[in-house]
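Asker: let me see the structure of the following:
(2 chains)
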Amino acid sequence: MNDMKTPDMNTPDKADVAKTDVAKADVTKASVTKDTVATGTGTGTGTGTGTGAADAAGEAQPVFGVRNLWKVFGSKADTVPGNAEYAGLSQAELRTRTGCTAAVRDVSFDVHKGEVFVVMGLSGSGKSTLVRCLTRLIEPTSGTLEIDGEDVLAMDKNRLRELRRHRAAMVFQHFGLLPHRSVLDNVAYGLEIQGMPKAERRERAAAMVAKVGLEGLEGRRPGQLSGGQQQRVGLARALAADPEVLLFDEPFSALDPLIRRDMQEEVIRLHSEEGRTMVFITHDLSEALRVGDRIALMRDGEIVQLGTPEEIVGAPADDYVRDFVRDVPREQVLTVRTAMKPGACDASEHPDALAPTAVVSDAIESVARSGRAACVVEDGRCLGQVDQSALLRVVAGLDREEVAA
Amino acid sequence: MSAVVTPNPPSTQTEVAKEPARAGARSALSHPVARRLLPLAVAVVVLAPLAAVLWGSGSWPHALTVDIKTPLDDAYNWTVRNRDTNPVFLYGLLHLSNWADSSVSSVTDLLENLGWFPVITITVLLSWRIGGLRDRRGLKLAGVTFAAFAVCGLLGMWQSTMETLALMLVAVVVSAVVGALLGLGAGLSDRFERILRPFLDTMQIMPAFAYLLPLVVVFDIGVPSALIATIIYAAPPMARLTALGLRGADPGVMEAAASLGTSPVQRLLTARLPLARKEILLGLNQTIMMSLSMVTIASVIGAGGLGEEVFQALSTVDVGKALAAGIPIVLLAVWFDRLTSVAGDRLGAGAAPAGLRWLHGWRAWTVSAVSAAALSVAGWMMFIADWPDTWNVDIASPVNNAVDWFTSHMASGVPVLGGTRTWADNFTLWILDPLRTGLTDSPWWLLVLLAAVLAFLAGGWSACLTAALAMAGIGVFGVWNHSLDTLSQAIAGVVVTLVLGFAIGIVAARVSWIERALRPVLDTMQTLPQFIYLIPVVAMFNVGRSAAVAAAVLYALPAVVRITTQGLRQVDGATMEAARSMGASTFQQIRQVQLPLARPALMLALNQGVVLVLAMVIVGGLVGSGALGYDVVYGLEKSQLGTGMTAGIAIVLLGLVLDRTTQRTGKRSAAR
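Answerer: All right, here's what the predicted structure looks like:
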């Protein structure tokens, strides 16, 4: 699974792209591409099988390297991982046989530098346990876990504390703010823990408060803020330590839909500005598709599919995933690279050209306007063409069999 | 509704008709209560006749008593003889006693040397600061403080008030520190909590009187006994609430703190303790209120101060003097309660400080302290240190005149109504006497059995065993009849309390303006020390058992009303709405929805009522309720420690019996 194709940096913006004009989309894309180049990741090929050729970026050291990770709750937890006898059992069977609950079962994946890695699943699928295992807020039962090649499970108390202070910061579903402290002091809390002098940490915290758009509310207490504002404080607190990775545990589930959308855009904006690596837990598929470069779909503690949003939607690995993504508007996720008929158009000019990463719904608009097939152009080279029938096949879901084949 | 009912198939009907007899027998046995009682019933069938044959069926058999009075008296005499020579006393307890003496007297000296003006100035400004300098509440609190202390002085009780205050200050500081440390331990360590909890649970149900005697044995009558009794009595709520607060810290916040890389100490100091601030402050409030209560009661063992004045006045039935000393106690209680609750509100509100920066934070403390010092010096130079006698207002004689008038006009001979003393006499004659006779005439084994069955139904086997053993213990220690006398008063008091309390509670839960009107009254009543309730009761009912029962009802009523009202109000709104939508009448709503759903709260009200009534009935020994309470007072006054201690033990045992027979085990697990 770790040799998955590298992420497509443009995907987080695709939902926006669908709603905004092409010019703006291109600007966003350009800025993101800069990060992409800097961090050495290329664009995905979108073949949809998840086994596409990995380029050089895939070989670079991942931020998190997780191999065969298990977390089993129960008195006989140690006996479960790696035991072939229990391998095929469902959660309920495992519980009756051993009295244990396997929240995370034999999970392996890499989180690459600069990507937004989404872990999604329904409640009880083990996703929250998994993200807590990454900084050992919950101690994994077995497996290996590396951050930048360093063994996390072998860290002593002090090293682990350093990891939590400087390298990975977390944003929680229920915010976890200190009710007796002002917004500013909440944001500065992590810095205070690190032992930073008061004036310095307050200055830094004030900058973070401004960054998440809470200027003027520094003196308020968390109880006086709305849910969305509280989560902005949580976000600022996590950012204040300037961590290498941000971990989000269902950060927006407790917010109402409009605020949630705002916050998702905030995260997308922060990611495009700073290119920070993020691990994002959610139970909301549309959220996963919006923010994720790659998505790991979990069920009963196991990863059932790992891939780009396009792969998940375009080529579900099994019936469970297929059922899951059934209602997703495919034209907003699948790109023209998937939909096009390959082959150069031989013309020197490409009016109304589309980028291969443009989503199908954009192409529909463009094709509908011009009334003829549009070229898919990458670096001045024509990769193929999309016409009305090709686009309609995507909307109708007829492309599914072809991609799976 | 009838349209919905469909006729049963005939075959079923005939089958049912065939076996009514068998079904009846089976249903009697299959009833859960009956089934649970079965093993107990079997044991009783074997044991009860045996006991009846062996030892008779009247009062507790003499053959089964153990004389503990004589050894207790011997132990006391030995202690008195050896107090000055035995190393345990010389090197351990004497130091404790000396420390208690010197700390209390130094605080008393300090307050007295400061003089009344600086004391008032300092307390007023301190209260103002705690309430917030630019806050209306702060100003109000300062007003309450000023009024309270001024009235204390005007009533001629300045000296006594300062003595009480000094004793309280020392007791509160020590209990708060001890309680906070115990609470810290119990909040952080599960094992420590398991060890501590039974002690705290038991101490909570022990009447205040039971604490006094063992301390008198060790420290003799005087300030050290009073101080240490107060500390022991007042520390548990602090420990309990601190532990509760620490354990109740929001796990989400704790996890967030951990995720930021906090060390365990940082986590405790920056997250867990601040999150528990409200509970800790509530614990402090409880500790202060309980120590005020105990400091007044401890006047029986020489605490001095306001309690002493009330105690002296009550023993000569001088209501006017008792009131003059009682009012300062009430004012102190109100002041302390306001002070701590305003501080708690301000913590909870968490509003961002605004306005002049000199009016909040450490600067405000400085402002308060400096101005207090300046004003104090000025006042000290202008006035004399002692409260000027010419300012005193004598309320004793007018009050006594009023009481005399009341006695002659309202107490008896009022047409139709009868008057308060007539009621009291009738209550004694028609309720207390038959109840006492009924209890003392019942076979002893029946009462033990009754306690066991009730406790079993309430709390299972362990409660059953505790209650039966405690009940038997009362008999074994030879205080059977006195205990039953106290028990009869307690039962009468509990019944009256529950009838009144549930009635008021139900009305208050349904009519919100009554609830609003009652709330401040209940708040104040709940803060008052037990002693205070004796004063009006003596004025109305004279001394005697009825007076003690009336005081107990007054004392326990606020808690019962409050718990009932809260329980009924917390009944799920959706359920109530559903009942209303089906057209349930008010009475049906109360009987079929609210009362069943509020059952846990009502059981808690019962338990609280029982514990509070018992505590007060025993304090009633001071106003002629006789029985165990009087034994304690008598033992203290005549140095008959054997009698007093035995009564004290019986009080504890009786408390255990009453608590275990009314406490649901479910309530405990829910409270955790």
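Asker: local confidence estimate at A:K71?
Answerer: Per-residue pLDDT puts A:K71 at 89.
Asker: with the one 10 residues further on instead?
Answerer: According to the prediction, A:P81 has pLDDT 80.
Asker: likewise for A:V304?
Answerer: The per-residue pLDDT reported for A:V304 equals 90.
Asker: what about it, which SS state?
Answerer: Here A:V304 is recorded as strand under DSSP: H, G, I helix; E, B strand; the rest coil.
Asker: thought it was touching A:D318?
Answerer: Yes: counting by C-beta atoms under 8 Å, A:V304 sits close enough to A:D318 to count as a contact (6.3 Å). (C-beta placed from N, C-alpha, C; glycine too.)
Asker: between these two, which one's more packed in?
Answerer: A:V304 (17 against 12; other C-beta atoms under 10 Å in any protein chain shown).
Asker: tell me the spacing between the residue in the stretch 451-600 of chain B that chain A sits nearest to and B:V593.
Answerer: Closest approach between the stretch 451-600 of chain B and chain A, counting by C-beta to the nearest C-beta: B:A574, at 22.5 Å. When distance is defined by C-beta to C-beta, to the nearest Å, B:A574 is 11 Å away from B:V593.
Asker: so what's the residue of the stretch 151-300 of chain A found nearest chain B closest to, chain neighbours aside?
Answerer: Residue of the stretch 151-300 of chain A nearest chain B, by C-beta to the nearest C-beta: A:G176 (2.7 Å). Spatial nearest neighbour of A:G176, excluding adjacent residues (C-beta to C-beta, 6 or more residues apart in numbering or on different chains): B:A256 at 2.7 Å.
Asker: what sits up against stretch B:625-638?
Answerer: With contacts defined as C-beta atoms under 8 Å, 6 or more residues apart in numbering or on different chains, stretch B:625-638 is touched by B:209, B:212-213, B:216, B:221, B:300-301, B:479, B:482-483, B:485-486, B:489, B:544-545, B:547-549, B:617-622, B:624, B:640-648, B:650-651, B:654.
Asker: for residue 210, list the residues it contacts.
Answerer: You didn't pick a chain, so chain A it is. Contact analysis of A:A210 by C-beta under 8 Å, 6+ apart lists nothing.
Asker: sorry, should have said chain B
Answerer: With contact set as C-beta under 8 Å, 6+ apart, B:A210 has these partners: B:I618, B:G648, B:I651, B:V652, B:G655.
Asker: B:V537: which of these is nearest?
Answerer: B:I618 (14.6 Å; C-beta to C-beta).
Asker: how many neighbours does the closest one have?
Answerer: 33.
Asker: what strand or helix carries it?
Answerer: Element membership of B:I618, judged by DSSP states H and E, is helix B:599-619.
Asker: how's chain A carved up into domains?
Answerer: A:60-325, A:330-404 (automatic domain parsing).
Asker: now do the same end-to-end measure for the first one.
Answerer: Taking C-alpha to C-alpha, to the nearest Å, domain A:60-325 runs 31 Å from one end to the other.
Asker: elements contacting the helix holding B:I618?
Answerer: When contacts are defined as 3 or more C-beta pairs under 8 Å, 6 or more residues apart in numbering or on different chains; DSSP states H and E, helix B:599-619 sits against helix B:209-219, helix B:480-510, helix B:530-541, helix B:545-569, helix B:627-637, helix B:641-662, helix B:665-671.
Asker: and those helices, which one is worst for confidence?
Answerer: Among those, helix B:665-671 carries the lowest mean pLDDT, at a mean of 43.
Asker: domain map for chain B?
Answerer: B:116-154+B:352-392, B:163-351, B:410-671.
Asker: can you redo these as CSV with distance to A:E273?
Answerer: Below are these laid out as CSV (distance: least, C-beta to C-beta, whole Å):
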stretch, distance to A:E273
domain B:116-154+B:352-392, 30
domain B:163-351, 23
domain B:410-671, 47
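Asker: so which of those is nearest A:E378?
Answerer: Closest to A:E378 of the domains of chain B, according to C-beta to C-beta: domain B:163-351, at 41.7 Å.
Asker: tell me which element residue 273 is part of?
Answerer: Let's take chain A. Counting by DSSP H and E, A:E273 is part of helix A:257-274.
Asker: oops, I was thinking of chain B
Answerer: Secondary structure from DSSP H and E places B:L273 in helix B:273-275.
Asker: is that helix anywhere near chain A?
Answerer: Yes: looking at helix B:273-275 against chain A by C-beta under 8 Å from any C-beta of the partner chain, the contacts come from B:P274, B:L275.
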